[in-house]
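J.: no sequence on this one, just coordinates:
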């Protein structure tokens, strides 16, 4: 396919997204109005799979053993160099503040890209994959799907994520969640306090110890937690107390020693108060995000076509967080660019950001994001030079860490 033919095809795909505008925005608004948390995304799952089924004949609901996941694919022309390109949708919300991460935008943009590109697949090489990945907000939906082989033999994986800036990437660091349960002995706090062992004291001491630890960790690392249980009544020495913690570091490799330091705070606090502690780590950790520079080059080129100019993150614009897309990036060449939905200075995970995600700014990001993803997926399918560079780059940056999936 020569340059003029590619340009013409991109124009047709862009027009197709514009023709889908009404449907995509209705779905985005519907998801935004019905926020659903980890693994409870029944409404969003139905909306998206119904829309895909209008064009894809093979939509799998409850894909890869995950009830609110889905998958669909469109096969193109057989070719020795054919590649499998995946577009990912997220659609879970946050407790209390709904779509303050803008996953309604991610879902509708990914859907739009898939629906726009599918009609042209019969004349293109390779295979287009569409994955619905639930429970990004801590539930590890992509990890659950990966354990069942969802991302095996994928040559390129991509999604967009809302932010307050057009950015090439998120600074996604590794994270693992844990719960610490402290056990003591109940006693009457007035009549016989000497018979008690105060589990709340143990939890408070652990919290203080981790507060002191924060002074002596890398500036890029994060530890934050809450109390989930602190006792039953003031006149009973608490026999049980519990906390929930997030521990974050630059990579899976550096996360492990930080986890050990946090765990030492739990055990030290329990010993000093005569209590015991059970520490339960989630069975999955979110990996750091490794963006494919080759794929990112394709995305940037197509963003310019659509009229957006994503910038490299700097001290004024960087978005720091964690995502299970990081795990996907260890299994397949991946990108996770950020698309502007809110004015600069309105951060994600805030009620104000949720408002923008369901308003005109979010609508514009849905349509622009769908166009950019569709055009980038097209390039990943048809550009053999970029495909070879992407594969070579991925082979060079390393293998799957032990225990990642």
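T.: Cool, got the structure. What you see is a predicted model, and the numbers here were worked out from it, not measured in a lab. Residues are numbered from 1 along each chain as shown.
J.: CA atoms for contacts and neighbours, from now on please.
T.: OK.
J.: and the host helix or strand of residue 72, how far from the chain's centre?
T.: Counting by DSSP states H and E, the element that carries residue 72 is strand 70-75. Using Cα atoms, centre = their mean, to the nearest Å, the mean C-alpha position of strand 70-75 is found 20 Å from that of the whole chain.
J.: likewise stretch 39-57?
T.: Stretch 39-57 has its C-alpha centroid displaced from the chain centroid by 19 Å (Cα atoms, centre = their mean).
J.: list the contacts of that stretch.
T.: With contacts defined as Cα atoms under 8 Å, 6 or more residues apart in numbering, stretch 39-57 is touched by 27, 31, 34-36, 59, 61, 67-70, 72-74, 91-92, 107, 111, 115, 118, 132, 134-135, 139, 141.
J.: which non-adjacent residue is nearest residue 149?
T.: residue 64 (7.6 Å; Cα to Cα, 6 or more residues apart in numbering).
J.: shouldn't that neighbour be in contact with residue 141?
T.: No. Residue 64 is not in contact with residue 141 according to Cα atoms under 8 Å; the separation is 10.2 Å.
J.: the two: which has the busier surroundings?
T.: In this view residue 64 and residue 141 are compared by other Cα atoms under 10 Å, and residue 141 has more residues nearby, 23 against 19.
J.: pLDDT wise, what is that one at?
T.: In this prediction, residue 141 carries a pLDDT score of 96.
J.: the one 10 residues further on now?
T.: The per-residue pLDDT reported for residue 151 equals 95.
J.: so it: helix, strand or coil?
T.: For residue 151, the reduced secondary structure class is coil; criterion used: DSSP: H, G, I helix; E, B strand; the rest coil.
J.: and it, how many neighbours?
T.: 22.
J.: check residue 359 too.
T.: Other residues near residue 359 number 17, with proximity taken as other Cα under 10 Å.
J.: contacts only, for it.
T.: So, once contact is read as Cα under 8 Å, 6+ apart, residue 359 ends up touching nothing.
J.: for residue 177, give me its contacts.
T.: Residues near residue 177 by Cα under 8 Å, 6+ apart: 244, 245, 246, 247, 281, 282, 285.
J.: mind listing the helices for the stretch 251-400 of the chain?
T.: According to DSSP state H, counting those that start in this stretch, the stretch 251-400 of the chain carries its helices in the segments 252-272, 293-306, 325-329, 351-357, 360-382, 384-396.
J.: so what's the gap between the fifth one and the chain middle?
T.: It stands for helix 360-382. Offset of helix 360-382 from its chain centre (Cα atoms, centre = their mean): 18 Å.
J.: likewise for the second one?
T.: Here helix 293-306 shows a centroid-to-chain-centroid distance of 21 Å under the convention Cα atoms, centre = their mean.
J.: give me the domain ranges for the protein.
T.: For the chain, the domain assignment from automatic domain parsing gives the residue ranges 3-170+288-396, 174-281.
J.: show me the contacts for residue 79.
T.: Applying Cα under 8 Å, 6+ apart to residue 79 gives the contacts 125, 126.
J.: make sure it is indeed in a helix.
T.: No. With three-state DSSP as the criterion, residue 79 is located in coil rather than a helix.
J.: can you report the mean pLDDT over the residues of stretch 84-97?
T.: Across stretch 84-97, the per-residue pLDDT values average to 97.
J.: in that stretch, what counts as buried?
T.: Using 16 or more other Cα atoms under 10 Å as the test for burial, stretch 84-97 gives 84, 85, 86, 87, 88, 89, 90, 91, 92, 93, 94, 97.
J.: okay, now residue 346: neighbour count?
T.: 17.
J.: pLDDT at it, what is it?
T.: So, for residue 346, pLDDT stands at 96.
J.: does it touch residue 352 like I think?
T.: Yes. Checked against Cα under 8 Å, the pair residue 346 and residue 352 is within contact range at 7.1 Å.
J.: who touches both of the two?
T.: Contacts common to residue 346 and residue 352, judged by Cα under 8 Å, 6+ apart, are absent.
J.: alright, calling it a day.
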